[in-house]
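Chemist: quick one, structure for this:
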Amino acid sequence: MVSALAVVALVAAAWFGFGWAKALIVDRSVADTRDAALTGAFQAAVNLNSVDAQNVDASLDNMRSSITGDALLNDLAATEQQIRDQVAATGTSMSAEVLFGSLTELNTDDDQAKALVVLAVRTTTPEYFTVNKVSVNASMAKDGDVWKAVTIEPLGSVGMEEGPAPGAQPEPEGAAPAESAPPESAPAEQAPAPDGAATP
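Modeler: Residues are numbered from 1 along each chain as shown. You can find the predicted model right below:
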């Protein structure tokens with residue numbers, strides 16, 4: 001009887017030890033991969049929807065750092081001058097922050113993932129600002145140690161806020177309204193640069 005109990009105890013210890021080791025090694029590894037892929041998706045979505053009018057070079061470098069694959073890299077190369085020209089002509093800046101997001105797919109064997117990311121994108125000209133809630137689907141792949149976007153697909157944009165830019169001179173009281181309306185900034189619906197990324 002004592003010997004039988006010892007065998008049962010040994011089997012139980014081995015079983016629970018295996019489960020503990022699996023949870024510690026395998027499950028933890030998957031969780032880390034999931035976190036890294038989602039972090040990469042957040043960063044790519046932010047970088048591809050942000051342009052600093054005071055430092056366009058750095059903005060473009062940030063975009064390049066978050067994308068991989070010929071499609072997005074070629075799109076960025078093809079639209080880089082357009083971005084520079086628009087910023088120079090309009091003085092428009094864009095900045096994005098993540099509201100929320102989640103992974104919708106994860107393939108740990110091939111190091112690929114997909115994520116839904118919702119951003120608040122603020123577009124500012126010398127006269128006006130707008131804030132839009134922008135949703136994107138990001139297809140991600142691991143490039144070295146970093147998860148980067150292979151594609152960015154815009155899903156829609158909803159206006160949240162708009163008004164005069166901080167420091168903008170108010171129109172004189174009684175003055176005729178200006179012909180130009182505040183920019184309709186729907187970043188994810190404008191000409192993509194690159195594929196799905198907003199242009200100023």
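Chemist: surely E161 touches T124?
Modeler: No: taking contacts as Cβ atoms under 8 Å, E161 lies outside contact range of T124: 11.7 Å. C-beta: built from backbone N, CA, C; applies to glycine.
Chemist: which of these two has more neighbours?
Modeler: A direct count of neighbours by other Cβ atoms under 10 Å for E161 and T124 places T124 higher, at 21 against 11.
Chemist: how many neighbours does Q81 have?
Modeler: 9.
Chemist: for it, which three-state class applies?
Modeler: Here Q81 is helix, with the state taken from DSSP: H, G, I helix; E, B strand; the rest coil.
Chemist: just the buried residues of the lengthiest strand in the chain, please?
Modeler: Criterion DSSP state E: the longest strand present in the chain is strand 146-164. Judged by neighbour count using 16 or more other Cβ atoms under 10 Å, the buried positions of strand 146-164 are W147, K148, A149, V150, T151, I152, P154, S157.
Chemist: so who does the fourth one touch?
Modeler: With contacts defined as Cβ atoms under 8 Å, 6 or more residues apart in numbering, the neighbours of V150 are I67, T68, G69, A71, L72, S139, M140, A141.
Chemist: any weak-confidence spans in this protein?
Modeler: 1-27, 168-200 (pLDDT under 70).
Chemist: mind listing the helices for it?
Modeler: 2-22, 28-47, 56-65, 70-90 (DSSP state H).
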